[in-house]
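# Task: produce atomic coordinates for the following.
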Amino acid sequence: MQTAPAAAPAQTPAPDPHAGHHMSHGAAADPHAGHDMGGMQTAPTAASAPTPAPDLHAGHHMNHGAATPDPHAGHDMGGAVSAIPDIPTSADAVGGRLVQASPPPAALAGPAHAADLLFDPSVMAAARRQLLAENGDVRTTAVKIDALEAGFGDGADSYSWKAQGWTGGDINRFWWKTEGEGVFNGRLHDAEVQALYSRAVAPFWDVQAGVRQDFRPDGKDTTYLTAGVQGVAPYWFEVSAAAFLSTRGDLTARVEAEYDLRLTQKWILQPSIEAALSASDTPELQLGSGLTSVKAGLRLRYEIRKAFAPYVGVEWGRSFGGTADYARAHGGAADDTRLVVGVRAWF
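Numbering: from 1, shown residues only. Predicted coordinates for the structure are as follows:
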């Protein structure tokens with residue numbers, strides 16, 4: 001007997017990944033649904049097929065439209081909430097700020113400087129004095145020429161100057177100021193020098209007191225006691241105001257303000273105004289009572305260096321009341337407009 005050649009082992013079909021799944025969403029109908037398949041016998045194979053691997057998705061309900069269930073549904077989360085520490089915040093305080101508790105008494109029981117516990121207190125005191133001198137008590141000296149200029153107008157060509165400087169520390173300083181004017185090919189009109197003690201009383205503000213000496217070619221030199229303030233107002237307006245009491249009892253005052261408007265890094269436009277007042281008529285100084293004069297200027301300077309800047313500008317001045325009458329009586333005018341050219345510097 002000849003045996004028929006054995007059939008090739010049947011190839012095991014790949015397991016259906018969707019076996020047992022509910023595929024109701026849009027699946028096509030089974031073409032064998034309702035057919036009696038009992039009469040069909042499966043032919044035995046030469047080799048037994050291996051058992052297919054179990055379907056990982058068997059029995060799963062694949063309703064893709066359903067939301068993922070909450071993994072914590074039904075759990076008691078009370079223990080986690082109670083575990084959060086009860087730390088006070090600004091929301092628990094009146095006005096949005098926590099009330100700062102006083103430090104414990106032990107925090108203030110030691111020396112004022114903790115380093116004194118480890119080193120000789122006298123050595124540390126000397127070191128602190130040296131640190132203060134090197135970082136907070138530095139002595140400085142400066143000279144600032146606000147204006148050194150020539151003026152050209154309807155009257156005689158004139159010259160004028162205005163400068164100030166100081167030497168000292170951050171709080172206490174010796175301050176000096178000088179200004180004056182005259183005419184070219186003529187004599188000096190007037191000049192003044194002030195020597196002041198200056199003390200810082202607030203950031204950007206100094207209180208000043210001292211003496212002022214006026215020099216005049218007619219021999220009517222005058223000495224004053226002076227007191228005033230100088231500093232930088234909000235928006236960087238440089239302001240100074242001072243009162244002067246002469247040895248003859250004449251009381252006068254002066255207020256000045258200026259502002260640097262930066263057009264570029266090099267070009268600066270500076271408006272300025274100055275007003276002078278007198279408490280009484282002073283014929284020997286040609287001053288009337290009240291507002292005696294006002295000067296307003298506009299200068300455009302170019303900073304070749306920060307410490308050196310030439311400028312051009314215009315200045316208008318006017319006398320009022322009795323002071324204007326004195327000016328007219330001596331052949332002058334109550335008001336004057338001049339073109340000015342000068343230089344501003346500091347070192």
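# quick one, phi psi at Thr125?
To be clear, residue 125 is Ala; Thr isn't right here. phi -60, psi -40 (degrees, to the nearest 10).
# Return the distance of it relative to Ala107.
22 Å (C-beta to C-beta, to the nearest Å). Just so you know, the C-beta spots here come from the backbone N, C-alpha and C atoms, and that holds for glycine as well.
# what about these two, which has more around it?
Ala125 (12 against 8; other C-beta atoms under 10 Å).
# And the more buried one, what's its pLDDT?
At Ala125, the pLDDT value in this model is 95.
# How about Gly74?
57.
# now do Ala83
pLDDT, read off for Ala83, is 61.
# Next, the contact list for Tyr302, please.
Residues near Tyr302 by C-beta atoms under 8 Å, 6 or more residues apart in numbering: 266-268, 309-311.
# change it to 10 Å
Counting by C-beta atoms under 10 Å, 6 or more residues apart in numbering, Tyr302 touches 264, 266-268, 308-312.
# Give me the sheet partners of the helix or strand containing Val239 and which way each runs.
Element membership for Val239 (DSSP states H and E) is strand 237-246. If you go by DSSP bridges, strand 237-246 pairs up with strand 222-233 (antiparallel), strand 251-259 (antiparallel).
# of those strands, which approaches Thr178 most closely?
Taking C-beta to C-beta, strand 222-233 is the member of those nearest to Thr178, at 13.1 Å.
# Which positions in that closest one come out as buried?
222, 224, 226, 228, 230-231 (16 or more other C-beta atoms under 10 Å).
# Please apply the same query to stretch 182-199.
Buried residues in stretch 182-199 (16+ other C-beta under 10 Å): 182, 190-192, 194, 196, 198.
# In TSV: those, plus distance to Tyr326.
Output for the buried residues of stretch 182-199, formatted as TSV (distance: C-beta to C-beta, whole Å):
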residue	distance to Tyr326
Gly182	19
Asp190	14
Ala191	20
Glu192	19
Gln194	24
Leu196	29
Ser198	34
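# which residues of the stretch 151-300 of the chain score low on pLDDT?
For the stretch 151-300 of the chain, no stretch is flagged by pLDDT under 70.
# What segments of it are strands?
For the stretch 151-300 of the chain, the strands defined by DSSP state E, counting those that start in this stretch cover 158-168, 172-183, 188-202, 205-215, 222-233, 237-246, 251-259, 261-262, 267-278, 290-302.
# Stretch 303-312: end-to-end distance?
Its first and final residues considered, stretch 303-312 spans 12 Å by C-alpha to C-alpha, to the nearest Å.
# got the buried residues for that stretch?
Using 16+ other C-beta under 10 Å as the test for burial, stretch 303-312 gives 303, 309, 311.
# and the residue nearest the centre of the chain, what does it touch?
With distances taken as C-alpha atoms, centre = their mean, the residue of the chain nearest its centroid is Tyr235 (11.6 Å). Under the criterion of C-beta under 10 Å, 6+ apart, the contact list for Tyr235 reads Tyr259.
# Would you mind giving both backbone torsions of it?
Dihedral pair for Tyr235: phi 70, psi 20, per degrees, to the nearest 10.
# And Asp116, by the same measure?
Dihedral angles for Asp116 - degrees, to the nearest 10 - are phi -70, psi -20.
# cool, Leu132 as well?
Residue torsions, per degrees, to the nearest 10, at Leu132 are phi -60, psi -40.
# Same check on the one 3 residues further on?
Main-chain dihedrals, Asn135, degrees, to the nearest 10: phi -120, psi -20.
# do you know how far it is from Gly332?
In terms of C-beta to C-beta, Asn135 sits 54 Å off from Gly332.
# what about the closest residue to Gly186 other than its chain neighbours, neighbour count?
Excluding its sequence neighbours, the residue lying closest to Gly186 (C-beta to C-beta, 6 or more residues apart in numbering) is Ala156, at 6.5 Å. By other C-beta under 10 Å, the residues close to Ala156 number 12.
# Might one say that Ala156 is in contact with Ala150?
No: judged on C-beta atoms under 10 Å, Ala156 makes no contact with Ala150 at a distance of 11.4 Å.
# which residues are common contacts for these two?
In terms of C-beta under 10 Å, 6+ apart, Ala156 and Ala150 are both contacted by the residues Phe184.
# Name the nearest residue to Phe245, sequence neighbours excluded.
Wrong residue type there; residue 245 is Leu, not Phe. According to C-beta to C-beta, 6+ apart, the nearest residue to Leu245 is Leu225 (4.9 Å).
# beta partners for the one you found?
Val211, Leu245.
# Look up how far Val239 lies from it.
From Leu225 over to Val239 (counting by C-beta to C-beta), the distance is 21 Å.
# likewise Arg344?
Using C-beta to C-beta, we find Arg344 at a distance of 18 Å from Val239.
# got it, and Thr140?
Using C-beta to C-beta, we find Thr140 at a distance of 22 Å from Val239.
# who has more neighbours, those two?
Between Thr140 and Val239, Val239 has the larger neighbour count (other C-beta under 10 Å), namely 16 against 10.
# Which one of the buried residues of strand 222-233 is nearest to Pro111?
Gly231 (38.3 Å).
# ok, the closest one - contacts?
200-207, 237-241.
# buried subset of those?
If you count burial by 16+ other C-beta under 10 Å, the buried members of the contacts of Gly231 come out as 200, 206-207, 238-240.
# need those residues in a markdown table with distance to Trp175, can you?
Converted to a markdown table, those look like this (distance: C-beta to C-beta, whole Å):
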| residue | distance to Trp175 |
| --- | --- |
| Ala200 | 11 |
| Asp206 | 8 |
| Val207 | 11 |
| Glu238 | 15 |
| Val239 | 15 |
| Ser240 | 11 |
